[in-house]
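Novice: Okay, predicted coordinates and the sequence, questions at the end:
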Amino acid sequence: MVKQDNRQKLVVLGATGSIGVSTLDVAARHPDRFELLALSANRQADRLLEQCLRFRPRYAVVGDAETAAELERSLAAAGVATRVGHGTAALEEIASLPEADVVMAAIVGAAGLAPTLAAVRAGKKVLLANKESLVMAGALFMSEVRRSGAVLLPIDSEHNAVFQALPRDFARAGLPGCGVRRIVLTASGGPFRTAPLARLASVTPEEACAHPNWVMGRKISVDSATMMNKGLEVIEAHWLFDAPREAIEVVIHPQSVIHSMVEYADGSVIAQLGNPDMRTPIAHALAYPDRIEAGVRSLDLSQIASLTFEQPDLQRFPCLGLAYRALERGGTAPAVLNAANEVAVEAFLAGSLGFIRIAEVIASVLDAMEPVAAASLDVVLAADRDARQLAARTIAGLQQSAA
Ligand code: NAD
Ligand code: MG
C-alpha cells in the first residue's frame, strides 16, 4: 500500500534569523508533521548551506546573484539537489508555490513586505513574524487576507497571546461582538528601563542589543530598547484584531512571563503565560489548532516569585509616542515611521547615530511628510522610499552639525 504523505509543506522566509532558526528547531521535532519545502536568507550563505544540507529543501533563495552562485557551488559539491534563486521575485515565488501549505514570514523589516503579501495573496497559512509589513500596509494587507482566504496567525509573542485569549470567531464577530473591552500588550521595557536618562546619550549598540529576557535579531533588539517595538506592535494589533487605538493599552512587565492579555466586558482578564521563548508562539501557530511539543521548559512560577507592572514613561521612550502619533495620523504615516526607524536604527548599529537621536530623526521625518491614503502598494512603497531618503539626509545633517 502506498503511504499518503500528509505532512505540511513549509516555507521559511528568513530561515537564518532568530525566528527562522527557532522555526526549524520546532519543525525538526515533528518530522511526521512538517516537510521543509523552501528556505531563504539574505547573505548568510554558510548558515543557509548548513540548513539545506540538514533539511534538503526543494528551493533556497538568497539576496543576490553572487551569494546564489556560492551556495549553488557548495550544494553541487555536496550532491544536494536544492534549486537556488535570488532576489525579490524569487522570494515571492517561493512564498506562493502551489504545493506550499504554510509560510513563515520571518524576514526583518520592509524587505519582508512583498514576499509576505505574495503568500497572503496565494491564500496560504501565513505565520506573521514580520510585523513591519503590517505596519507599512495594514489596510491593504488585511483586505488581501479577507479576499484570498489566507489564514493569518501572529508569531509576535504579544499578538499570539492575544490570539490565544480571544474566542475563535473574533474576526467574524468583531471585538465588541465578542465582549472585548481592551487588549493589554505587555512590554519588557528593554535594557534601559531603569538606566539614568543621562546615560542614554552614550549607550552602545552592544548594550542596546543585550536584551534582559529575549535573544533576538539586532534590529528588533534596538527597537525593544527604544520601545519602538511596542509602538509597532500597537499598530500591528490595531490591524490584526481590528481594534481601535483606545482599546489597546501598553503596560511594562519586566519579567516577560505574561505575554499579553484580553479584558472582557464582565471584568475578566485572560492572559497567556510562559517562559520567554519564541518557540512557544511558533509551535502554537505551526500546529494550530493542535498543540505540539516545542522544546520549551515548564514555567516555574515559584522560582520567578513576583510579576510586576508599571506604566511606560513616554519621556524615556519617545518612540512609543511617535508610533501612537503615526497610527492616529493614518494613511502612509505608519509606513513613514517604519522607514525612518529602519534607517535610524541601521545608523545607530553602524555607530554613526547616537541612541537618543533615533527618536529625533523619526520625529523630524514624520512631521515633514504629510500622510496620504495608503491606497495601493505603490503609494506605500513610494512613502517608504521618500522617508528613507529624508531620514538619511536628516542623519547626514546631524553628523555635519556634530563635526
Ligand atoms: P534576524 O535579523 O535574526 O533575521 C532576519 C532574517 O531575514 C535573516 O534570515 C536574514 O537573512 C533575512 N533578511 C534580512 N534582510 C533581508 C533582505 N533585505 N531580504 C531578504 N531577507 C533578508 O531577525 P529576527 O529577530 O529573526 O526577526 C525577524 C522578524 O520577526 C522581524 O520582523 C521581527 O520584528 C520579528 N520578530 C522577532 C522576534 C524575535 O524574538 N526575534 C519576536 C517577535 C517578532
Ligand atoms: Mg513582540
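Specialist: Right, received. Where do you want to start? Ligands and ions are numbered 1, 2, ... in the order given.

Novice: Report the contact partners of Asn213.
Specialist: Ser188, Gln255, Ser256, Pro276 (C-beta atoms under 8 Å, 6 or more residues apart in numbering). All C-beta atoms are positioned from the backbone trio N, CA, C, and that covers glycine.

Novice: now, which of these sits nearest ligand 1?
Specialist: Taking C-beta to the nearest ligand atom as the measure, Pro276 is the one of the contacts of Asn213 closest to ligand 1, at 8.8 Å.

Novice: my guess is Gly79 is in a strand, correct?
Specialist: No: using DSSP: H, G, I helix; E, B strand; the rest coil, the secondary structure at Gly79 is coil, not a strand.

Novice: Could you look up the SS state of the residue nearest to Val336 when sequence neighbours are not counted?
Specialist: Spatially, and ignoring its direct neighbours in sequence, Val336 is nearest to Ala387 (4.2 Å; C-beta to C-beta, 6 or more residues apart in numbering). Classification of Ala387 using three-state DSSP returns helix.

Novice: Over to Val103?
Specialist: strand.

Novice: Can you report how many residues neighbour it?
Specialist: Burial measure for Val103: 29 neighbouring residues, criterion other C-beta atoms under 10 Å.

Novice: what sits opposite it in the beta ladder?
Specialist: Beta-bridge partners for Val103, by DSSP bridges, are Val11, Val126.

Novice: Correct me if wrong: it contacts Val11.
Specialist: Yes: between Val103 and Val11 there is a contact under C-beta atoms under 8 Å: 4.6 Å.

Novice: list residues touching both of these two?
Specialist: Common neighbours of Val103 and Val11, using C-beta under 8 Å, 6+ apart, are Ala95, Ala119.

Novice: Wait, a strand at Ala38?
Specialist: Yes: counting by three-state DSSP, one finds Ala38 located in a strand.

Novice: Name all residues that make contact with it.
Specialist: Contacts of Ala38 (C-beta under 8 Å, 6+ apart): Val11, Val12, Pro57, Arg58, Tyr59, Ala60, Val61, Ile94, Leu97, Ala100.

Novice: partners of it in the sheet?
Specialist: Val11, Tyr59.

Novice: Return the residues of the stretch 201-350 of the chain in contact with ligand 1.
Specialist: Contact residues (C-beta under 6 Å from any ligand atom) of the stretch 201-350 of the chain with ligand 1: Trp214, Met216, Gly217, Lys219, Ile220, Met278.

Novice: Give me the pLDDT for the residue nearest to Val336.
Specialist: Here, the pLDDT recorded for Ala387 equals 98.

Novice: And the closest residue to Leu327 other than its chain neighbours, how far from Ala391?
Specialist: Setting aside the residues directly before and after it, Leu327 is nearest to Ile235 in space (C-beta to C-beta, 6+ apart), at 5.2 Å. Distance of Ile235 to Ala391, computed by C-beta to C-beta, to the nearest Å: 18 Å.

Novice: for His284, same thing?
Specialist: In this view, His284 and Ala391 are 36 Å apart by C-beta to C-beta.

Novice: Return the nearest residue of the stretch 51-200 of the chain with respect to ligand 2.
Specialist: Asp156 (4.1 Å; C-beta to the ion).

Novice: shouldn't that residue be in contact with Glu233?
Specialist: Yes: between Asp156 and Glu233 there is a contact under C-beta under 8 Å: 6.2 Å.

Novice: which residues do the two both contact?
Specialist: Common neighbours of Asp156 and Glu233 (C-beta under 8 Å, 6+ apart) are Lys131.

Novice: Spell out which parts of the stretch 51-200 of the chain neighbour ligand 2.
Specialist: Asp156, Ser157, Glu158 (C-beta under 5 Å from the ion).
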